[in-house]
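What follows is a predicted protein model with its sequence.
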Amino acid sequence: MKLIRIATRKSPLALWQANHVAALLEQHFPDIKTELVQMTTKGDRILDAPLAKVGGKGLFVKELEQGMLEGEADIAVHSMKDVPVEFPEGLHLAAILQREDPTDAFVSNRFDRLNDLPANARIGTSSLRRQCQIKQRFPDAEILQLRGNVNTRLAKLDAGDFDAIILASAGLIRLGMKARIKERLDPAISLPAIGQGAIGIECRSNDEQINALLGALHDADTALCVKAERAMNARLQGGCQVPIAGFAEKHGERLFMRGLVGAPDGSVIYRSEGWDDLDQAEALGRKIAEDLLAQGADRILAALYQE
Ligand SMILES: NCc1[nH]cc(CCC(=O)O)c1CC(=O)O
């Protein structure tokens with residue numbers, strides 16, 4: 001019998017994801033027991049500021065990483081969306097699970113589809129990525145800050161604070177709230193965040209036994225797509241302060257990827273897309289990034305990072 005201690009945040013979605021990994025491990029390896037080690041991160045603590053202003057990379061993962069480095073936990077379960085491209089010395093990504101629905105979800109109690117919204121709609125989101133894409137389509141929309149976990153955000157919608165909110169479809173599906181999704185937004189309308197819908201498992205690089213076990217949960221196709229997306233982000237030095245989106249899909253033996261960088265107010269959005277072979281995932285991500293930079297994304301990013 002071996003015990004695996006799983007570091008996780010305490011939000012209902014984080015706990016669902018950690019319990020999911022625990023169940024998969026126990027299914028695959030009947031002589032393994034798991035235990036959750038619940039932690040609070042800086043991103044959970046600072047709820048009164050827009051994410052873009054809290055700043056810093058790894059806002060939702062640092063404390064979990066510290067726990068593994070100090071030996072309080074063996075693995076950490078993350079939304080890949082929250083995981084910076086660089087890992088601290090001694091830790092690495094050991095597995096990525098099969099991707100859940102990667103789209104953004106339109107959620108509203110008043111309107112059935114994004115296109116039904118009035119021009120001056122009040123829309124809740126704290127993501128500059130979602131904000132910039134919505135503002136391009138609805139320049140007169142009022143974007144209102146919306147932080148907190150999925151349940152908190154839905155409660156604010158139900159209280160009447162917004163005409164609609166945009167959330168990740170994956171979070172709603174995992175929490176059993178698929179029925180709240182009025183429309184899965186086509187990636188051409190709301191291009192998802194890098195890694196959206198994918199769960200990653202991090203552990204100590206030198207922990208051979210754990211690395212071998214986690215290999216059984218790994219989904220190579222998802223990993224390939226997320227690798228391309230993260231290569232784009234690495235080149236752009238993306239964080240949650242900047243409106244960046246990237247989404248790769250495997251079509252047979254080829255990868256298709258789209259990326260964008262925009263101004264928060266939606267006044268400009270640079271877009272790029274391309275195809276490449278499966279063994280060129282990182283090169284494809286970098287190529288999309290270079291194309292965006294050449295179009296003018298470098299100026300947008302420089303201005304935002306300076307703030
Ligand atoms: N920013 C928080 C966060 N991190 C991951 C998800 C969704 C789950 C996923 O992408 O796997 C969410 C909620 C949301 O964006 O609505």
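Perfect, thanks for sending it.

So what's the gap between the helix or strand E202 falls within and the chain middle?
Element membership of E202 [criterion: DSSP states H and E] is strand 199-204. Distance of strand 199-204 from the chain centroid (C-alpha atoms, centre = their mean, to the nearest Å) equals 14 Å.

Could you list the paired strands of it along with their orientation?
Sheet pairing for strand 199-204, assigned by DSSP bridges, gives strand 75-79 (antiparallel), strand 91-96 (antiparallel).

quick check, the longest one touching the ligand?
No: if you take C-beta under 6 Å from any ligand atom as the test, strand 91-96 misses the ligand, and the best it gets is 11.0 Å. Bear in mind the C-beta positions are built from the backbone N, C-alpha and C, glycine included.

list the buried ones in that strand?
Neighbour-count burial for strand 91-96 flags 91, 93-96 (criterion: 16 or more other C-beta atoms under 10 Å).

Looking at the residues you listed, which is nearest I199?
The shortest approach to I199 among those belongs to I96, at 7.2 Å (C-beta to C-beta).

how close does the residue nearest to the closest one when sequence neighbours are not counted get to the ligand?
Distances taken as C-beta to C-beta, 6 or more residues apart in numbering put A223 closest to I96, at 4.5 Å, once the chain neighbours are dropped. Here the criterion is C-beta to the nearest ligand atom, to the nearest Å. By it, A223 lies 14 Å from the ligand.

Do you know the pLDDT at the closest residue in space to S11 that isn't next to it in sequence?
Nearest residue to S11 in three dimensions, chain neighbours excluded: N149, at 4.1 Å (C-beta to C-beta, 6+ apart). Looking at N149, its pLDDT is 90.

wait, isn't N149 in contact with L15?
No: if you go by C-beta atoms under 8 Å, N149 and L15 don't touch, sitting 10.2 Å apart.

related to what we said a few turns ago, could you dump the strand holding E202 to PDB, C-alpha only?
The C-alpha coordinates for strand 199-204 follow below in PDB (Å, rounded to 0.1, in the frame of the first residue of the first chain):
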ATOM      1  CA  ILE A 199      -6.100  19.100 -16.100                       C
ATOM      2  CA  GLY A 200      -2.300  18.800 -15.400                       C
ATOM      3  CA  ILE A 201      -0.500  16.800 -12.700                       C
ATOM      4  CA  GLU A 202       2.700  18.200 -11.300                       C
ATOM      5  CA  CYS A 203       5.200  16.300  -9.200                       C
ATOM      6  CA  ARG A 204       8.900  16.200  -8.100                       C
END
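
Show me what counts as buried in stretch 1-10.
Of all the residues in stretch 1-10, those buried under the rule 16+ other C-beta under 10 Å are 4-9.

Residues of the stretch 151-300 of the chain that sit close to the ligand?
167-168, 170-171, 196-197.

need the contact list for the residue positioned nearest the centre of the chain.
Taking C-alpha atoms, centre = their mean, the centroid of the chain lies closest to K81, which sits 2.2 Å from it. Residues in contact with K81 (C-beta atoms under 8 Å, 6 or more residues apart in numbering) are 168, 193-196, 198.

Could you rerun that using 6 Å?
Shown in contact with K81 (C-beta atoms under 6 Å, 6 or more residues apart in numbering): 193, 195-196.

My guess is Y270 contacts A297. True?
Yes: the pair formed by Y270 and A297 meets the contact definition of C-beta atoms under 6 Å, at 4.9 Å.

one step back: and the strands paired with strand 199-204 as JSON lines, adding distance to W275 and mean pLDDT?
Listed next are these as JSON lines, based on distance: least, C-beta to C-beta, whole Å; pLDDT from 0 to 100:
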{"stretch": "strand 75-79", "distance to W275": "27", "mean pLDDT": "96"}
{"stretch": "strand 91-96", "distance to W275": "22", "mean pLDDT": "98"}
